[in-house]
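Asks: Give me coordinates for this.
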Amino acid sequence: MFKKGSKLYSILKGVCPKCHNESMYVNTNPYALHEALNMHERCSLCNTKYKMEPSFFYGSMYVSYGLGIAFAVAAFIISYLLLGTSLKVSFATIVATLIVFMPIIMRISRNIWINLFISYDKSKVK
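Replies: Okay, here's the model as predicted:
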């Protein structure tokens, strides 16, 4: 399920969706905020262009919204339902969760978006 060749591998690792051999990002640490979304222009191994057209990754904002909702719901369930905190504390937990995980949410949403349009190609693997 998480092996090379699966969409999930490319999404979670942030590697080229075509060959799964190289990171799409200049800095692999999403918490280096000044360069969190800096991507290579192309994969140096299979020459896949990441930005297929100008503003290509604007669509990932929709994916980011959905991921943000999923993280917020998870934070609420853990805080309010499992730990039994008040609604105010649960709200603060949701806000803190979204702030802490925002770099990861942004990266994963980009990874999901590009993987919707580019598929793994076994012939490109080196």
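Asks: And the spatially most central residue of the chain, how close does it get to residue 114?
Replies: Per C-alpha atoms, centre = their mean, the C-alpha nearest to the average position across the chain is that of residue 108, at 0.6 Å. With distances defined as C-beta to C-beta, to the nearest Å, the gap from residue 108 to residue 114 amounts to 11 Å. Any C-beta I mention is one placed from the backbone N, CA and C, and that applies to glycine too.
Asks: residue ranges for the helices of the chain, please.
Replies: Counting by DSSP state H, the segments of the chain that form helices are 7-13, 60-76, 87-117.
Asks: and of those helices, who's closest to residue 46?
Replies: Nearest to residue 46, of all these, is helix 7-13, at 12.5 Å by C-beta to C-beta.
Asks: Specify which residues of the chain, grouped into ranges, have pLDDT under the cut-off.
Replies: Applying pLDDT under 70 to the chain flags the ranges 1, 124-126.
Asks: ok, 80 please
Replies: Low-confidence segments of the chain, defined by pLDDT under 80, span residues 1-2, 124-126.
Asks: Now for residue 70, how many residues are close by?
Replies: Residues contacting residue 70 under the criterion other C-beta atoms under 10 Å number 11.
Asks: Ignore what I typed, I meant residue 10.
Replies: When neighbours are counted by other C-beta under 10 Å, residue 10 registers 24.
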